[in-house]
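Peer 1: need the 3D shape of this:
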Amino acid sequence: MLSTFLTVGSQQKTDPTVTPFNSQAYRVGERLTYDVAFSQFVSVAHLELFVAARGKFFGRDAIQLRAHAETTGMVNVALFAINNDYTSYVDPGSGLPFHVQEVVRQTGHTSDVSSDYNQAAGTAAVSPKPQLSEFPGTYDLLSAIYRVRALPLTDGASYLLSVRHENIEYQAEIKVTGHELIKTKVGSFNAIVARLNVKNSSLDDYRTRIYFSDDDRHVPVLVKLKHPAGEIRAELVGSDLRDRTTPIPRASPGPVSPPSTVVIKGTTPDTGFTRGDLPFKVGEQLNYQIYLPGTDQPVGTALYEVKARGRYYNRNGFLLSAALRTTPAIGRLFNANDLINSYVDPTSLLPFRTELALVEGARHTNHTYTLDQDRGSAVTENNRRVEIPVGTHDLVSLLYAVRTFELAPPKRNAISILVENRPVTLFITSLRRETIDISGQKISAVQLSLTTDDPLSDKYQFRAWVSDDVRRLPLRFTAMTELGVVRADLVIIPVTPQ
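Peer 2: Now for the predicted structure:
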């Protein structure tokens with residue numbers, strides 16, 4: 001399903017000598033974040049577009065474009081498992097790519113494919129590489145999206161385009177059909193409506209519509225495809241523009257690959273954080289493996305991620321996410337696949353919107369909460385109101401907020417969290433400093449106990465270990481269950497002593 005959507009964005013080519021070119025579509029620092037919905041599934045994928053830099057690349061003046069596409073939840077497990085990065089180096093005057101890189105990750109295997117494009121001018125500046133394809137006058141998937149944005153998109157106009165994607169060249173027509181007011185999670189837009197027709201492709205049957213902001217940037221705010229299995233919608237949920245006037249020189253850029261594991265080389269006693277110096281950054285990914293008592297193989301995984309910082313639902317914020325799923329082996333007995341998105345204030349880290357898509361056995365649950373932290377309320381998708389204390393966290397923002405607390409033993413903190421439609425007071429007590437073993441590494445940590453205001457406050461004996469350094473990384477979680485102690489360990493890259 002997602003590959004269909006990505007193909008839509010890629011099938012575009014134009015002649016820069018004939019069609020006007022608007023450089024405002026290539027503003028360095030612009031980051032666009034999208035959520036993809038499919039049929040009744042509210043979030044099946046996450047997309048990000050980024051104008052990363054302008055400078056010298058491969059001996060040429062160029063703009064570096066990046067994109068990341070990743071499926072989540074049920075679609076990731078049952079239909080398409082996509083976790084891809086795209087990088088395109090384009091000519092600043094035409095938008096034509098001259099070097100393209102695609103990193104594809106599937107079931108533990110990573111492939112990195114590079115191609116040279118449009119080498120009529122400047123071929124000699126690029127070092128020859130074996131097995132590189134050359135596609136004169138052709139756009140790749142990523143550069144095509146920006147080239148369409150650089151078109152004038154005037155009413156009634158048609159633009160014929162061509163793009164090569166996965167060794168197939170498509171011919172497409174972008175037809176501007178009118179204007180429409182579009183409401184998205186980041187606000188309302190007066191949008192230019194364009195219809196996409198693709199020759200010799202099933203996409204012609206999908207009635208694809210692309211909605212561009214009616215300004216000089218032509219930001220794609222919404223894409224809709226009428227797939228036979230249900231409508232596919234890619235909606236803008238974050239827009240961040242940070243001007244970068246200084247070029248970033250990189251002569252030989254490497255693959256675009258967001259960190260998936262963590263390296264810890266040492267520890268330094270922490271003195272606390274200000275809101276301008278948070279212990280995490282956009283792009284941080286924390287991967288955990290979950291173990292049952294007496295087992296050496298993980299039965300589940302958990303991924304916590306700081307996906308982006310931008311504007312969501314008319315507010316500035318961070319997009320935090322957590323994805324928890326069972327492994328295929330245990331999934332035959334019990335399948336769990338949970339996804340939670342938390343949109344939090346960048347200063348307080350308090351959530352203003354929480355989205356849950358939970359799959360636990362035969363139970364499928366989708367909930368959305370809009371939190372008003374000033375008035376103390378959380379409103380569900382069906383307008384049910386839940387009274388909450390001011391300053392209530394959800395289960396994702398909790399993890400990041402705790403990392404900003406003073407945790408020196410015997411410090412005790414208390415916060416409110418929203419759990420199953422009711423607020424619960426959570427007490428976080430720093431018990432002791434100790435050294436724990438994670439993946440063969442000895443790491444200094446602070447042990448925390450997590451208890452609630454329920455009558456059986458420590459029923460599950462929740463414990464957490466946080467690194468005793470400036471990053472405050474959650475290293476391990478344990479809980480007592482009917483089967484015994486369940487453990488989740490952070491995946492750590494082995495470090496070779498210097």
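Peer 1: partner strands of the helix or strand containing residue 308, with direction?
Peer 2: Element membership for residue 308 (DSSP states H and E) is strand 300-312. Strand 300-312 has these partner strands in its sheet, going by DSSP bridges: strand 285-291 (antiparallel), strand 315-326 (antiparallel).
Peer 1: any low-confidence regions in the stretch 51-200 of the chain?
Peer 2: Scanning the stretch 51-200 of the chain for pLDDT under 70 picks out the ranges 72-81, 106-109, 119-137, 200.
Peer 1: can you give me the neighbour number for residue 376?
Peer 2: Other residues lying near residue 376 total 16 when counted by other CB atoms under 10 Å. All C-beta spots, glycine's among them, are computed from the backbone N, C-alpha and C.
Peer 1: that one - nearest residue in space that isn't next to it in sequence?
Peer 2: Closest residue in space to residue 376, ignoring its immediate chain neighbours: residue 390 at 4.9 Å, by CB to CB, 6 or more residues apart in numbering.
Peer 1: what does residue 230 give?
Peer 2: Nearest to residue 230 is residue 39, by CB to CB, 6+ apart, at 2.7 Å.
Peer 1: distance of the closest residue to residue 388 other than its chain neighbours relative to residue 386?
Peer 2: Nearest residue to residue 388 in three dimensions, chain neighbours excluded: residue 423, at 4.6 Å (CB to CB, 6+ apart). Separation of residue 423 from residue 386 (CB to CB, to the nearest Å) stands at 8 Å.
Peer 1: same check on residue 475?
Peer 2: Using CB to CB, one gets 33 Å for the distance from residue 475 to residue 386.
Peer 1: which one of these two has more residues nearby?
Peer 2: More crowded of residue 475 and residue 386, by other CB under 10 Å: residue 475, with 26 against 16.
Peer 1: now do the same contact list for the residue lying closest to residue 22 once chain neighbours are set aside.
Peer 2: Of all residues not flanking residue 22 in the chain, residue 150 sits nearest, at 4.5 Å (CB to CB, 6+ apart). Contacts here follow CB atoms under 8 Å, 6 or more residues apart in numbering; on that basis residue 150 touches 20-26, 95, 218.
Peer 1: again with residue 390
Peer 2: 373-376.
Peer 1: check which helix or strand residue 371 maps to.
Peer 2: Using DSSP H and E, residue 371 sits in strand 363-372.
Peer 1: pull out the buried positions in that strand.
Peer 2: Judged by neighbour count (16 or more other CB atoms under 10 Å), strand 363-372 contains these buried residues: 367, 369-371.
Peer 1: got it, and stretch 470-481?
Peer 2: 471-478.
Peer 1: ditto for stretch 373-388
Peer 2: Buried, per 16+ other CB under 10 Å, within stretch 373-388: 373, 376-378, 386, 388.
Peer 1: quickly check those residues for the two that are furthest apart.
Peer 2: 373 and 386 (13.0 Å; CB to CB).
Peer 1: where does the stretch 351-498 of the chain have low pLDDT?
Peer 2: Where the stretch 351-498 of the chain drops to pLDDT under 70, the residues are 493-498.
Peer 1: any idea of the mean pLDDT in the strand holding residue 308?
Peer 2: If you average the pLDDT over strand 300-312, you get 90.
Peer 1: domain ranges for the protein?
Peer 2: According to automatic domain parsing, the chain comprises the domains 2-241, 285-490.
Peer 1: the strands in the stretch 51-200 of the chain, which residues?
Peer 2: In the stretch 51-200 of the chain, the strands defined using DSSP state E, counting those that start in this stretch lie at 60-71, 83-90, 97-106, 109-117, 134-135, 158-165, 168-184, 187-198.
Peer 1: any idea how far the strand holding residue 308 is from the middle of the chain?
Peer 2: On the basis of CA atoms, centre = their mean, to the nearest Å, strand 300-312 sits 6 Å off its chain's mean C-alpha point.
Peer 1: ok, stretch 66-73 next?
Peer 2: From the chain centre to the centre of stretch 66-73 is a distance of 6 Å (CA atoms, centre = their mean).
Peer 1: also stretch 295-315?
Peer 2: Worked out by CA atoms, centre = their mean, stretch 295-315 lies 8 Å from the chain centre.
Peer 1: contacts only, for residue 218.
Peer 2: Residue 218 makes contact with 22, 25, 148-151, 153, 192, 212, according to CB under 8 Å, 6+ apart.
Peer 1: tell me if I am right that it is in a helix.
Peer 2: No - counting by DSSP: H, G, I helix; E, B strand; the rest coil, residue 218 is not part of a helix but coil.
Peer 1: circling back: out of the buried residues of stretch 373-388, which are inside strands?
Peer 2: Mapping the buried residues of stretch 373-388 onto strands (DSSP state E) picks out 377-378, 386.
Peer 1: closest one of these to residue 491?
Peer 2: Closest approach to residue 491 among these (CB to CB): residue 378, at 32.7 Å.
Peer 1: can I get the buried ones among the contacts of residue 218 as something I can paste into PyMOL?
Peer 2: Restricted to buried positions by 16+ other CB under 10 Å, the PyMOL selection for these reads:
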select buried, resi 25+148+149+150+151+153+192+212
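Peer 1: quick revisit: save the contacts of residue 390 as JSON lines, and put in distance to residue 101 too.
Peer 2: Converted to JSON lines, the contacts of residue 390 look like this (distance: CB to CB, whole Å):
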{"residue": "373", "distance to residue 101": "42"}
{"residue": "374", "distance to residue 101": "46"}
{"residue": "375", "distance to residue 101": "48"}
{"residue": "376", "distance to residue 101": "49"}
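Peer 1: please list all residues in contact with residue 490.
Peer 2: 262, 286-288, 438, 473-476.
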